[in-house]
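A.B. asks: need the 3D shape of this:
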Amino acid sequence: LYVFVNLASVMYLGGLALQTILGIDMLTGVIGLAAFAAAYSLYGGLSAVAWTDIIQVVVLILGGLVTTYLALDTVSGGQGFMEGLTTIYHAVPEKFDMILDRSNPEFMNLPGIGVLIGLFIIGSLTIPGFLTTMNMKSMLVFASFLGLATIGQTFVALLGGLDLSIPFVIGSMNVALMSLISKGVSPWLACIVILLLGALIGFVNGVLSFRLQGQALILTLGVGFFVKGGVQILVSMGTFSAGTVFGVVPDWMQNLASMGGKTVGLPIPPVIIIWIVVSILVIVALRLTKWGRHLYALGGSRLSSSRLSISEKGYWIGAYVISGFFSALTGILLLGWSGGGYVGAGDIYLFTTIAAVVIGGTSLLGGSGGYGLSVIGVLILQIITTVLIGWGLSWEAQQFILGLLIIPMVALYARSPHIRSQI
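C.D. replies: This is a model prediction of the structure:
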């Protein structure tokens with residue numbers, strides 16, 4: 001019945017179109033369409049159905065483009081479609097706004113959310129098992145690692161800086177923690193020591209980079225190499241390997257970050273909950289606290305901030321301390337996930353933390369963006385990675401695609417007038 005109803009409506013409308021456009025009798029048109037459809041289906045088989053869809057899509061796209069061109073050309077009085085588009089824009093500019101007005105503080109979230117939804121749909125349609133619980137859990141676990149590592153990068157970027165020591169701190173703290181545990185230090189005490197050490201490294205980064213802000217990028221990279229080499233020397237004493245330390249990781253630490261981890265009995269890895277809670281706290285702190293407003297003010301105009309007695313040095317060093325702390329926390333959680341200390345555990349985060357910040361929409365010039373945007377950037381990167389792996393692309397091809405995403409985003413922010421030039 002469903003098939004006959006659809007066939008009847010299609011043939012009737014087709015016959016009506018032929019009668020209106022070509023003047024063909026309605027009954028003749030319906031019979032002709034039925035005969036053509038029968039012959040086409042019998043001759044082409046199932047492939048005819050696929051070709052019909054392809055032809056239909058092509059006709060719809062081309063028809064839409066042609067119709068749009070003719071309409072805009074008509075609006076402009078024959079001056080061309082660009083002139084017609086300009087005329088409409090000047091007549092009703094509000095129709096060109098997105099869901100939110102540009103003055104809305106949430107406006108910057110829209111492009112990232114749109115890309116995120118689009119990638120999710122593409123993954124769902126092209127990769128078998130993309131929507132399974134296991135795959136969703138896997139993506140969120142890896143996104144949590146990157147998301148926690150990106151917190152510090154976001155704070156530093158809001159002040160107009162970058163921290164390239166993050167991956168080295170992650171790897172160094174990862175192997176240092178395993179070394180401490182294997183030497184008999186209490187895991188809880190070892191974790192506290194590692195977090196304090198990470199914050200101390202951030203403090204050193206902050207003090208040195210504040211004095212040499214023109215060279216902050218290279219300086220943090222140098223500090224990262226120094227930390228990585230120093231930790232390797234310390235943990236290799238009396239052993240045959242410097243980059244890897246094996247031992248027994250406590251069960252509670254494995255539960256925190258493993259795919260099979262549980263939160264109060266629920267099959268949700270605690271690292272996901274940790275990331276969600278920390279993200280909420282960071283976003284609220286940036287938006288609703290005096291400290292967050294001062295951070296944005298410093299990133300926007302240091303001169304204006306100094307006149308308001310806001311300590312530039314204190315906030316600059318604080319941002320790097322936060323970066324070091326969360327880098328160390330990421331290293332701890334990665335140990336629970338991998339089960340062994342590896343000094344290269346953070347290597348993949350060298351540029352992905354920056355990429356997440358940029359793709360999300362935080363300006364590398366400072367004063368604009370936020371961690372909410374970075375969360376969107378993290379999820380976009382994770383879904384892109386999952387989709388590219390699902391398509392069978394190599395690591396090199398994945399890096400190529402990510403580069404294609406980052407370059408136009410950086411170019412876009414570089415062309416935008418910075419807030420400092422407006423104060």
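A.B. asks: please count neighbours and contacts with C-alpha atoms only from this point.
C.D. replies: Will do.
A.B. asks: helix or strand right after the helix or strand harbouring Thr150?
C.D. replies: Here Thr150 sits within helix 133-158, counting by DSSP states H and E. The helix or strand immediately downstream of helix 133-158 is helix 166-182, counting by DSSP H and E.
A.B. asks: buried ones in the helix or strand following that following helix?
C.D. replies: On the C-terminal side of helix 166-182, the closest following helix or strand by DSSP H and E is helix 187-211. Neighbour-count burial for helix 187-211 flags 187, 190-191, 193-210 (criterion: 16 or more other CA atoms under 10 Å).
A.B. asks: off-centre distance for helix 187-211?
C.D. replies: 27 Å (CA atoms, centre = their mean, to the nearest Å).
A.B. asks: pull the CA atoms of the next helix or strand after it into PDB?
C.D. replies: Following helix 187-211 in sequence order, the next helix or strand is helix 216-236 (DSSP H and E). Taking C-alpha atoms only, helix 216-236 is exported to PDB below (Å, rounded to 0.1, in the frame of the first residue of the first chain):
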ATOM      1  CA  ALA A 216      58.500  32.900  26.000                       C
ATOM      2  CA  LEU A 217      57.800  30.400  23.300                       C
ATOM      3  CA  ILE A 218      61.400  29.100  23.000                       C
ATOM      4  CA  LEU A 219      61.900  29.500  26.800                       C
ATOM      5  CA  THR A 220      59.100  27.100  27.700                       C
ATOM      6  CA  LEU A 221      60.300  24.700  25.100                       C
ATOM      7  CA  GLY A 222      63.800  24.800  26.700                       C
ATOM      8  CA  VAL A 223      62.400  24.300  30.200                       C
ATOM      9  CA  GLY A 224      60.500  21.300  28.800                       C
ATOM     10  CA  PHE A 225      63.600  19.700  27.400                       C
ATOM     11  CA  PHE A 226      65.500  20.400  30.700                       C
ATOM     12  CA  VAL A 227      62.800  18.700  32.800                       C
ATOM     13  CA  LYS A 228      62.500  15.800  30.400                       C
ATOM     14  CA  GLY A 229      66.300  15.200  30.400                       C
ATOM     15  CA  GLY A 230      66.600  15.800  34.100                       C
ATOM     16  CA  VAL A 231      63.900  13.300  35.000                       C
ATOM     17  CA  GLN A 232      65.400  10.700  32.700                       C
ATOM     18  CA  ILE A 233      68.800  11.000  34.300                       C
ATOM     19  CA  LEU A 234      67.300  10.600  37.800                       C
ATOM     20  CA  VAL A 235      65.100   7.600  37.100                       C
ATOM     21  CA  SER A 236      67.800   5.900  35.100                       C
END
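A.B. asks: ok, the helix or strand following helix 216-236: who's next to it in the sheet?
C.D. replies: As assigned by DSSP H and E, the chain's next helix or strand after helix 216-236 is strand 244-245. According to DSSP bridges, strand 244-245 has the following sheet partners: strand 341-342 (antiparallel).
A.B. asks: Gly361: neighbour count?
C.D. replies: 26 (other CA atoms under 10 Å).
A.B. asks: can you give me the helices in the stretch 1-150 of the chain?
C.D. replies: If DSSP state H, counting those that start in this stretch is used as the criterion, the helices of the stretch 1-150 of the chain fall at 2-22, 26-44, 46-75, 81-91, 109-126, 133-158.
A.B. asks: for these, which one ends up most surrounded?
C.D. replies: Mean neighbours per residue, mean count of other CA atoms under 10 Å, is largest over those for helix 133-158, with a mean of 23.
A.B. asks: now for that helix, which elements pack on it?
C.D. replies: When contacts are defined as 3 or more CA pairs under 8 Å, 6 or more residues apart in numbering; DSSP states H and E, helix 133-158 packs onto helix 270-288, helix 290-300, helix 312-338, helix 349-360, helix 371-390.
A.B. asks: at 6 Å what do you get?
C.D. replies: helix 270-288, helix 312-338 (3 or more CA pairs under 6 Å, 6 or more residues apart in numbering; DSSP states H and E).
A.B. asks: now that helix: average pLDDT?
C.D. replies: Confidence for helix 133-158, expressed as mean pLDDT, is 94.
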